[in-house]
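Peer 1: Using only what follows, build the 3D model:
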Amino acid sequence: MASASAELGFLEMITAETSLLLRKSDAYAVTQRLSSVGTVSLLVSCSFATTTDAMCWLTSPAATEAVLAGERQLYVNCAAAASGKGWLALVSLCSTSCFHLDHAGVEGAAVLLRQASPSICVAARFSTAGDARRWSFGAGVRNLIDLLREAAGVSPSAPFVVSS
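Peer 2: Numbers count the residues shown, from 1 in each chain. Next up, the predicted model:
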């Protein structure tokens with residue numbers, strides 16, 4: 001059974017190329033979007049209670065520029081392109097996780113995104129778990145989350161937790 005936070009609200013997902021507003025209850029769409037994260041690209045998400053709040057963040061020049069700058073930095077720092085299924089690093093204000101990009105891993109990442117309430121999450125794809133972990137704990141992703149948090153008006157609500 002899904003939690004109440006996963007059933008209510010909206011999830012805004014932004015990449016350098018697109019943005020998408022989904023209902024948090026749409027597990028299939030969230031999973032599909034996560035599985036489509038490309039090599040050397042970011043997917044940034046934030047949960048909102050209303051579409052109005054989500055649209056304010058979506059149209060924020062600060063949020064758009066932060067996503068583009070984060071992707072440029074990822075491109076410069078990414079040593080190897082992801083081959084095969086690879087690994088998905090998912091970093092939020094309060095936690096970081098790395099998932100193997102198989103069916104169970106993508107579904108696990110989707111559950112975390114849907115239950116984030118409210119939270120900024122940044123996802124990136126890597127060829128190895130080690131690369132994903134190194135990026136997850138780097139200053140670049142933390143700086144990106146801080147910029148996006150300010151644009152969305154989200155503040156940390158829990159201590160930082162590590163999982164894998």
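Peer 1: Tally up the residues packed near F10, please.
Peer 2: 20 (other C-beta atoms under 10 Å). In this view, the C-beta of every residue, glycine as well, is placed from N, C-alpha and C.
Peer 1: list the contacts for it?
Peer 2: If you count contacts by C-beta atoms under 8 Å, 6 or more residues apart in numbering, F10 has them with 21-24, 47-51, 54.
Peer 1: Who is it paired with across the strands?
Peer 2: R23, F48 (DSSP bridges).
Peer 1: need the longest helix for this protein.
Peer 2: For the chain, the longest helix by residue count, based on DSSP state H, is helix 61-77.
Peer 1: how much space between A132 and S60?
Peer 2: 28 Å (C-beta to C-beta, to the nearest Å).
Peer 1: one step back: switch the contacts of F10 over to CSV; also include neighbour count, distance to S95 and pLDDT.
Peer 2: Output for these, formatted as CSV (neighbours: other C-beta atoms under 10 Å; distance: C-beta to C-beta, whole Å; pLDDT from 0 to 100):
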residue, neighbour count, distance to S95, pLDDT
L21, 14, 24, 90
L22, 20, 21, 90
R23, 15, 23, 91
K24, 24, 18, 88
S47, 25, 14, 85
F48, 23, 19, 85
A49, 13, 21, 85
T50, 10, 25, 85
T51, 14, 26, 88
A54, 21, 22, 83
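Peer 1: Throw those into TSV and include distance to L113, thanks.
Peer 2: Converted to TSV, these look like this (distance: C-beta to C-beta, whole Å):
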residue	distance to L113
L21	13
L22	10
R23	12
K24	8
S47	8
F48	13
A49	16
T50	18
T51	17
A54	14
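Peer 1: Surely Q73 and A139 touch.
Peer 2: No: using C-beta atoms under 8 Å, Q73 is not in contact with A139; the gap is 10.0 Å.
Peer 1: So if I had to pick from these two, which one is more boxed in?
Peer 2: Using other C-beta under 10 Å, the more surrounded residue of Q73 and A139 is Q73, with 17 against 7.
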